[in-house]
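A.B. asks: Mind folding the following:
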Amino acid sequence: MVRIINYKERQVEDGSNFFVLELQGGVEMVKSQQTNQFYATAKKSFITSTFDEETCKALIGTSMPGNIEKQSCEPYQYTVRETGEMIILEHRYVYVPEGESQSKEDKAVQELLAEEHTFSQNGVLEEELMD
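C.D. replies: I've put the predicted structure just below:
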């Protein structure tokens, strides 16, 4: 299960606005490579919506069947907010509805589509817009 935890407004190159929903998966335990200790975390992802702002507000807290999965993508630069360090990432997290496990072929097609459609062409990295 995933839960809608927030929403954000985005702008398309033509100036029109739309809303994305922020999804969060369940709690996961991850072992730190630096301290060898476990910490709790949860994967997050954004999905586009056709909803207005009032509907997005009302949806916060709603659970949906599915998972957030790691997906390979073209490398991109990301700034760690806490430290200011710039790193290169080659993955992103995507929502996968329950019962729609992604095959390798599906993932490859989605990666190609993601590169064409989900990243802004206005020169601003999508990750920067999520702040």
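A.B. asks: Just the strands from the protein, written as ranges.
C.D. replies: 2-11, 17-24, 28-31, 38-41, 44-48, 63-64, 66-79, 86-97 (DSSP state E).
A.B. asks: For Glu85, give me phi and psi.
C.D. replies: phi -70, psi 140 (degrees, to the nearest 10).
A.B. asks: returning to what we had before: export the strands of the chain to CSV and tack on distance to Cys56?
C.D. replies: For the C-beta atoms, the positions are set from N, CA and C on the backbone; glycine is no exception. Shown next, in CSV, are these (distance: least, CB to CB, whole Å):
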stretch, distance to Cys56
strand 2-11, 4
strand 17-24, 5
strand 28-31, 26
strand 38-41, 25
strand 44-48, 11
strand 63-64, 14
strand 66-79, 18
strand 86-97, 15
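A.B. asks: Dump those strands to CSV, plus distance to Glu54 and mean pLDDT.
C.D. replies: Supplementary listing: the strands of the chain in CSV, determined by distance: least, CB to CB, whole Å; pLDDT from 0 to 100:
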stretch, distance to Glu54, mean pLDDT
strand 2-11, 11, 96
strand 17-24, 10, 97
strand 28-31, 32, 90
strand 38-41, 31, 92
strand 44-48, 17, 95
strand 63-64, 19, 96
strand 66-79, 24, 92
strand 86-97, 22, 92
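A.B. asks: residues near the nearest residue to Met29 once chain neighbours are set aside, how many?
C.D. replies: Excluding the flanking residues, the one nearest Met29 by CB to CB, 6 or more residues apart in numbering is Phe38, at 4.9 Å. Per other CB atoms under 10 Å, the neighbour tally for Phe38 reads 11.
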